[in-house]
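Participant: What shape does this take:
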Amino acid sequence: MEDLNKKVEFNENAVFALSKSKSPSEVTLRSAEWAVITQIDGHKTVKDISNLLSMGNDEAIGLFHELIKKELIELQSMDEEKMDYIPADFFNMLEAELTKVIGPVAPLILDDTIMEMDTTKDHCLPERIPELIEMLSEEIVDSEKKVKFQQIMLNQLKGMM
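Facilitator: Residues are numbered from 1 along each chain as shown. Just a heads-up that it's a prediction; the model follows:
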């Protein structure tokens, strides 16, 4: 049986279907979860459903994650073309800059931080970069070095866009 604690990575272009193994009547659902369940048809994307229900993407994604945990929905498809992950080059540069600031323990701290974010280098979404940089910055004790690291990372991000 697959690990139920594993977080399913998806974006707003994901399409879900109702689970064939579990029924909504077997669990307790909040009204917002019911609203989402009634819209899942195997064709509408997360974005379509969030727009129909007038909710923000973050709220909708949170509800989808809850429904996945309750085993009520299953990922059916996702437009991989639109699923852009952070390139490996970015992590190499990030690790190099962090090493300059905190020394040889940087790779371990980077790996621990990524794990704490419940993602991997291969499947980390670009919108999580600010969170990653903020969490890494908290590991830098010297406030001048912290600000310099954040400035370098900001310049790198500007160059990526």
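
Participant: Quick check: residue 57 vs residue 20, distance?
Facilitator: 27 Å (C-beta to C-beta, to the nearest Å). All C-beta atoms are positioned from the backbone trio N, CA, C, and that covers glycine.

Participant: For the helix or strand bottoming out on mean pLDDT in the chain, name the packing helices and strands.
Facilitator: Counting by mean pLDDT, DSSP states H and E, the chain has its least confident helix or strand at strand 73-78, which shows a mean of 84. Counting contacts by 3 or more C-beta pairs under 8 Å, 6 or more residues apart in numbering; DSSP states H and E, strand 73-78 is packed against strand 14-18, helix 57-69.

Participant: Neighbouring strands - and their directions - for it?
Facilitator: strand 14-18 (antiparallel) (DSSP bridges).

Participant: CA atoms of the strand it pairs with as CSV?
Facilitator: This file holds the C-alpha atoms of strand 14-18, laid out as CSV (Å, rounded to 0.1, in the frame of the first residue of the first chain):
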residue,chain,number,x,y,z
ALA,A,14,-3.9,19.0,-12.3
VAL,A,15,-7.1,17.1,-12.9
PHE,A,16,-8.5,14.8,-10.2
ALA,A,17,-11.0,12.0,-10.2
LEU,A,18,-13.0,10.6,-7.4
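
Participant: what does whichever helix or strand comes after it rub up against?
Facilitator: Sequence order places helix 31-39 as the next helix or strand after strand 14-18, per DSSP states H and E. With contact meaning C-beta atoms under 8 Å, 6 or more residues apart in numbering, helix 31-39 is reached by 18, 24, 29, 48-49, 52-53, 55, 59-60, 63-64, 66-67, 72-73.

Participant: Please identify which of residue 57 and residue 20 sits among more neighbours.
Facilitator: Remark: of residue 57 and residue 20, residue 57 carries more neighbours, 14 against 7, as counted by other C-beta atoms under 10 Å.

Participant: quick check: mean pLDDT across the longest helix that the chain contains?
Facilitator: Longest helix of the chain, by residue count under DSSP state H: helix 143-160. Model confidence over helix 143-160, given as mean pLDDT, is 89.

Participant: Repeat that for stretch 9-24.
Facilitator: Mean predicted confidence for stretch 9-24 is 82.

Participant: Start at 24, not 1
Facilitator: Yep, numbering from 24; the last one is stretch 32-47 now.

Participant: list the buried ones in it?
Facilitator: Applying a neighbour-count criterion of 16 or more other C-beta atoms under 10 Å, one finds 32, 33, 34, 35, 36, 37, 38, 39, 41, 42, 47 buried in stretch 32-47.
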